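[1] Here is the input, now give the coordinates:
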Amino acid sequence: MKATPTIKVYVKVAAVFEPDGSIRPQAITWEDGREYKIDKVLAMRPSAAAKAGGQGDRYTVQISGQHSYLFFEHSAAISGNRLGRWFVERRQTG
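    Numbering: from 1, shown residues only. Predicted coordinates:
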């Protein structure tokens, strides 16, 4: 059986920049405008999105008791105010 393709879905993320320079995501706003509060950041590590592709940081987050991955894809530009983009992986349908 063929694996279902996975795509990147870029999302709006509210995040806090800590004094030590780390980024702590607080909430995700989905494509349709629904907002999901992040209960807890369980882990963060540099990682590729194995299913959808891309390089950056993978956050393991807890939302409504469920564990999920949230990715921060670093910008290739080394200057300017665009540090990167947030995305989640979603199975492609149709």
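[2] Can you report how many residues lie near Lys8?
    Residues within reach of Lys8, counting by other Cβ atoms under 10 Å, total 18. In short, each C-beta sits where N, CA and C put it, glycine included.
[3] cool, the one 4 residues further on as well?
    Other residues near Lys12 number 13, with proximity taken as other Cβ under 10 Å.
[4] I'd like to know the beta-bridge partner residues of the closest residue to it other than its chain neighbours.
    Nearest residue to Lys12, sequence neighbours excluded (Cβ to Cβ, 6 or more residues apart in numbering): Thr29, at 4.0 Å. Listed beta-bridge partners, Thr29: Lys12, Glu35 (assigned using DSSP bridges).
[5] same question, Phe87
    Applying DSSP bridges to Phe87 gives these bridge partners: Tyr10, Phe71.
[6] need the contact list for the residue nearest to Lys12.
    Val11, Lys12, Val13, Ala14, Glu35, Tyr36 (Cβ atoms under 8 Å, 6 or more residues apart in numbering).
[7] Using CSV, lay out the residues you listed together with distance to Leu42 and pLDDT.
    Shown next, in CSV, are those (distance: Cβ to Cβ, whole Å; pLDDT from 0 to 100):
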residue, distance to Leu42, pLDDT
Val11, 18, 96
Lys12, 21, 97
Val13, 16, 98
Ala14, 18, 98
Glu35, 20, 97
Tyr36, 15, 96
